[in-house]
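> Here's a sequence, model it:
(chains A, B and C)
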Amino acid sequence: MKEYFSRFAVPDNGEPMIIASQILIVIVSLGIIVGLTYFKKWKYLWNEWLTTVDHKRIGIMYILSALLMLFRGGVDALLMRAQTSMPENGLLDAQHYNEIFTTHGVIMILFMAMPFIIGLMNVVIPLQIGARDVAFPRLNALSFWLFFFGAMLFNISFVIGGSPDAGWTAYFPLASTEFSESVGMNYYAIAIQIAGIGTLMTGINFIVTILKMRAPGMTLMKMPMFTWSILITNIIIVFAFPVLTVALALMTMDRLFGTQFFTMSNGGMDMLWANLFWVWGHPEVYIVILPAFGIYSEIISTFAKRNLYGYKSMVFSMVAISALSFLVWAHHFYTMGHGAMVNGIFSITTMAIAVPTGVKMFNWLLTLYKGKIEFKTPMLWAMAFIPIFLIGGVTGVMLAMASADYQYHNTMFLVAHFHYVLIPGTVFAVLAGFTYWWPKIFGFSLSEKIGKWSFWFIAISFNVTFFPMFITGLNGQARRMYTYSESTGFGPLNFISFIGALGLAVGFVLIVYNIYWSTRYAPRHVTEDPWDARSLEWATHSPVPAYNFAVTPVVESTQAFWDAKEKGTQLFRGKYEPIHMPSNSGLPFIMGVLFFFFGFCMVFGMWIPSIIFGLAIFACMMYRSFEHDPGYHISVEEIKETEKKYGVNSHENQLA
Amino acid sequence: MKTNSLEYSTEQNRLKILGFWIFLGAEIALFGTLFATYFTLVNRTGHGPVGSEIFELTPVLIETFVLLTSSFVIGLGINAMRLGNKKAMTIFFVITLLLGLTFLGVEIFEFIHYVDIGAGITVSAFTSALLTLLGTHGAHVTLGLFWGLAIVLQVAKRGITADTSNKAFIFSLYWHFLDVVWIFIFSFVYLKGMM
Amino acid sequence: MKKIWVLLGLAAIMLPTLSGCQLKVLDPKGPVAETQAGVIKLSMIVMAFIVLTVVGLYLFMLYKYRASKVGADYKPPHIEGSRVLETIWITIPILIVIFLSIVTVKSTSEVEATPKGYEDQDPLIIYAASSNWKWHFSYPEQNIETVNYVNIPTNRPIEFKLYSYGPITSFWIPQLGGQKYAMSDMVNTLHLLADTPGSYLGRNSNFNGAGFAEMEFETQAMSQKDFDKWVKDVHHTAEKLTEPTFNELLKDGHLGRKTYTGTHLTFRPAPEMHHMKKMDGHQKATEGQHHHE
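This is a model prediction of the structure:
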């Protein structure tokens, strides 16, 4: 019996941090259960959230989970910077350091950046295109629960069985059972697989939504830029994620069933993993960055009080970037030895991406031209993005040059580069979007004052943290080293990085404080359009009613709402009609739970329970196939009632 | 004619059909990756056998014939569905599923044979890639059998409605897709391997 | 705006550090590293030009069109775009990319070959294999094997033949030139050359498990005379590397420096027989030597 349970122990148990986390997890879980029972909130939780198929609520749950993961990944980052702040520091040992940089990478990319973006697209896209929901609301709920339970499965590795430790890139043969013995990399393969299936379904769902459910009059070239960016992002998802699915499946089979894909004998090929990983991995970078481009386009245009400059070239540049993103993967391993010819070709395709990206940069700058720039918090993020991302971009071009990359590869220079790309390119963007759309979601604004404090803390600390890495990289500091000797001279700059990391931590804590403070004290009932914005989501009430729009809007240009305000275009033509709505369902949540246990049993090679959970998942799918779910209708009376609460007597005067 | 059909008759139906086409796009990427993996590893046989040593024409020809026929028969089934002939549709769908079952039986037999002659999935990179590619296709067929069965039962119970015809049509797309994948497997794995 | 000042201030602090102690990558001790440092510096200048242009434009926009300056009554116009401007900012980046592409292709083929001016010399071939967290260096020509340090003659092209007994590692001596992967199923060739005698730190830069941080080695570049003397000394003093000894070496996590006569290539040849790797003249020569021994 004891032997059976020993498999769940974390190798080298007794690490105080792990025991503390185990205790903390138990206490927090108990606290949540007791709290829900005490406040009699179980029913509310189940009816309003766990079974919801409303895109807005699903979006909120995505964003909440992403924030949670931001803190998990952030603590990892803080520990890494603390460990390397001084030469030969003893805070963490090598194994523990290897685990946290692995989980930091996986969590930040897959369980923070992706869900944050998917959360924002869930909230905003149906509103921005004037739709009532996404094309497949229930599939959307399933996507969320698969992501959520995938993320949870990945996170429990820390306390049950051991964390993955082969880097987020999981290069073979290091990630094989021979060199990474604990179940950590099993967690990696299976948890990401489960979340990835959810992401793929999101991709399909949003492509159909955007292609088929736009308001009358909104042709493709009249879509707001954020919608365009999300459409392209989801097309990339649909073609890139299957590659990850296959790569992870092969990894799982190598680790659990003894196949020979990436092994060192019997013909296995370690380079195949690197290729498959980056064929997915590079488009993945654009999956998290293109939506950011969309968010910035909306924000810059709103706060410069100008229409977006060069709309067409903005669209074409995104299409070009998405196509090129599939043609550059080998630049992640120029040093693998494929010769000057192949490296030269990949250098050129990589540098070519700078051209469409430059087009976007100039279009944003020209959107400011003759504008009337207001520095509200979302705009501050957008304005910090431009110069910082520029540095990320130009260092990217430097890295693209193969001969020079032989010197940058695997160094802190590279680490600095991709943080200069991903933090302004994704984190700033989601924080900007979060602040920007918050009043639409909740009906009150976040505090500008606290928001600006958090902005300055993060924007400044970011540079303090990551700029020194360019220098230590050029001085020969390899990435992923848990320590270094004093004679290397890396010490002082690493210490500056650590100070910056502390500043970043303060900034992120301020964001949470802002949510708390604003939820308690901010004035309620903001108008439907607090920023004087341009697209359709601002034409409906804040917070948005379940049916989004009482009457489907009609669109005439890329900035439909602006037209209504400026030119007096009628957005809402026609009468109230009963609105068809999808009914809630507990099935997606249940399937998520089943996937969690299925994955957990697979991680530990417990075959019989895995098969049972697998069959249960199958049974759910069968149930779904036979289920007859016509949804329900919201009656005209009910719509009138709801609209009255927002102070609208008839839809004609909804627009003042 | 297409857009007037019952399976396209509601907004939700049209969304589902488009969504499924996009899903098939993702499936192409999935099988494309598996093919790429197979072609990369096909010569990396280690101490194990090479393709020409283990491939046998007879079972493969049976599989091909059975699957191609099933794809044709499901086409007849969809035609019957559009004509509103529930009985003919059910019969064609059942024949399709029986052919699929035959395919699966032969494939299982083929797999057992591979293991028997020392070409199991753990032998070499080549056998791993081969059996994973074939196995993924086979798993799709297996899933399809259950899915198809569910649809036949629903049509029997509820008749040919907007809902069931939509499901049956989408299922036929899936089944044709598996047929196309098999043609690629047949040409580029078996025939090329036997040459 | 504050952020810009912070950035400038930061740069001001960093600049002396930059010039004060030379950064390894920008302090080359051989032609390969020099080519790479040249490319890096050139690209930095081009990038600085781009950054200055864009940031200049950006600051201008922020200064000129901020709400507090343009006045409350100002109404921004509707501007679609401009064909001329868009053509300009597509063309100039394309020209820059073409220029950098030429530089890249040229310099990449340069560092992937015997350094210019040294083609007439026979390169010294050294096999560098990683196992766990150590490096094994085999000199087939000299019939010597070392662990965790490598001595090379100056002004003679060196060809490192890289492979690994385990996870992928990356062989890197920053001051002599860029890195390349060592993998278990093929041999990669890295061309390096030292033109200044001295001791240069080398390391594995590709994460490969628990002992990764300490996986360093010393490269001693010395005159051909000193090198020959060292080879002679080794043959006098060092014990012979046998297969059992080598297998023991492979097992250890970390090891100090070791020196042997003979190489492991005789009983454990490098994995260079694989397809796609074309056998070049040198490799054939060394193969030949193996059979001799």
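> can you give me the strands for chain B?
Here chain B has no strands by DSSP state E.
> Could you list the low-pLDDT ranges of chain A?
Applying pLDDT under 70 to chain A flags residues A:1-2, A:12-14, A:649-656.
> residue contacts, the most centrally placed residue in it?
Nearest to the mean C-alpha position of chain A, by C-alpha atoms, centre = their mean, lies residue A:114 at 2.0 Å. Contacts of residue A:114 were listed using C-beta atoms under 8 Å, 6 or more residues apart in numbering or on different chains, and they are A:147, A:199, A:287, A:288. C-beta coordinates here come from the backbone N, C-alpha and C atoms, glycine included.
> Show me what from the stretch 101-250 of chain C comes close to chain A.
C:101, C:103-105, C:107-112, C:166-168, C:170, C:172, C:174, C:177-181, C:183-186, C:188-189, C:201, C:203-213 (C-beta under 8 Å from any C-beta of the partner chain).
> Which members of those residues occur in helices, if any?
Residues of these located in helices (DSSP state H): C:101, C:103, C:104, C:105, C:107, C:108, C:109, C:110, C:111.
> wait, which of these is closest to residue A:529?
Lowest distance from residue A:529 to these (C-beta to C-beta) belongs to residue C:101, with 47.5 Å.
> Look up the closest residue to that closest one, ignoring the ones flanking it.
Spatially, and ignoring its direct neighbours in sequence, residue C:101 is nearest to residue A:348 (4.8 Å; C-beta to C-beta, 6 or more residues apart in numbering or on different chains).
> which SSE is the one you found in?
Assigned by DSSP states H and E, residue A:348 belongs to helix A:339-352.
> Then residue A:523?
Using DSSP H and E, no helix or strand contains residue A:523.
> Return the residues in contact with the closest residue to residue C:78 other than its chain neighbours.
Nearest-residue entry for residue C:78: residue A:307, 5.3 Å, with adjacent residues in sequence omitted and distances by C-beta to C-beta, 6+ apart. Going by C-beta under 8 Å, 6+ apart, residue A:307 touches A:301, A:367, A:534, A:558, A:559, A:562, C:78, C:79, C:80.
> for the last one, helix, strand, or coil?
In other words, residue C:80. coil (DSSP: H, G, I helix; E, B strand; the rest coil).
> count of residues packed around it?
Applying other C-beta atoms under 10 Å in any protein chain shown, we find 11 residues neighbouring residue C:80.
> Surely it is in contact with residue A:308?
No: with contact defined as C-beta atoms under 8 Å, residue C:80 does not count as touching residue A:308 (9.7 Å).
> re earlier: quick one: the helix or strand containing the residue nearest to the centre of chain A to chain centroid distance?
Assigned by DSSP H and E, residue A:114 belongs to helix A:114-128. Relative to the centre of its chain, helix A:114-128 is centred 10 Å away, using C-alpha atoms, centre = their mean, to the nearest Å.
> Check which element follows that helix along the chain.
Next along the chain from helix A:114-128, counting by DSSP H and E, comes helix A:137-156.
> list the helices and strands that next one packs on?
helix A:55-83, helix A:114-128, helix A:184-212, helix A:587-603 (3 or more C-beta pairs under 8 Å, 6 or more residues apart in numbering or on different chains; DSSP states H and E).
> With just CA atoms, put the last one into CSV.
Same thing as helix A:587-603. In CSV, the C-alpha atoms belonging to helix A:587-603 read as follows (Å, rounded to 0.1, in the frame of the first residue of the first chain):
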residue,chain,number,x,y,z
LEU,A,587,-21.5,18.5,-19.4
PRO,A,588,-18.5,20.6,-20.4
PHE,A,589,-17.5,20.9,-16.7
ILE,A,590,-18.0,17.2,-16.1
MET,A,591,-15.9,16.4,-19.1
GLY,A,592,-13.2,18.7,-17.9
VAL,A,593,-13.1,16.9,-14.6
LEU,A,594,-13.0,13.5,-16.3
PHE,A,595,-10.2,14.7,-18.5
PHE,A,596,-8.3,15.8,-15.4
PHE,A,597,-8.5,12.4,-13.8
PHE,A,598,-7.9,10.6,-17.1
GLY,A,599,-4.7,12.7,-17.5
PHE,A,600,-3.7,12.2,-13.9
CYS,A,601,-3.9,8.4,-14.2
MET,A,602,-2.0,8.5,-17.5
VAL,A,603,0.7,10.5,-15.9
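> Between helix A:587-603 and the next helix-or-strand element following it, find me the angle.
Sequence-wise, the next helix or strand downstream of helix A:587-603 (DSSP H and E) is helix A:607-626. In terms of direction (axes from the mean of the first three to the mean of the last three C-alpha atoms, to 10 degrees), helix A:607-626 departs from helix A:587-603 by 160 degrees.
> which ones are touching the closest residue to residue A:249 other than its chain neighbours?
Distances taken as C-beta to C-beta, 6+ apart place residue A:193 nearest to residue A:249, at 7.1 Å, with adjacent residues excluded. When contacts are counted by C-beta under 8 Å, 6+ apart, residue A:193 touches A:150, A:245, A:248, A:249, A:252, A:599.
> ok, now residue A:167?
A:98, A:101, A:102, A:105, A:174, A:480, C:207.
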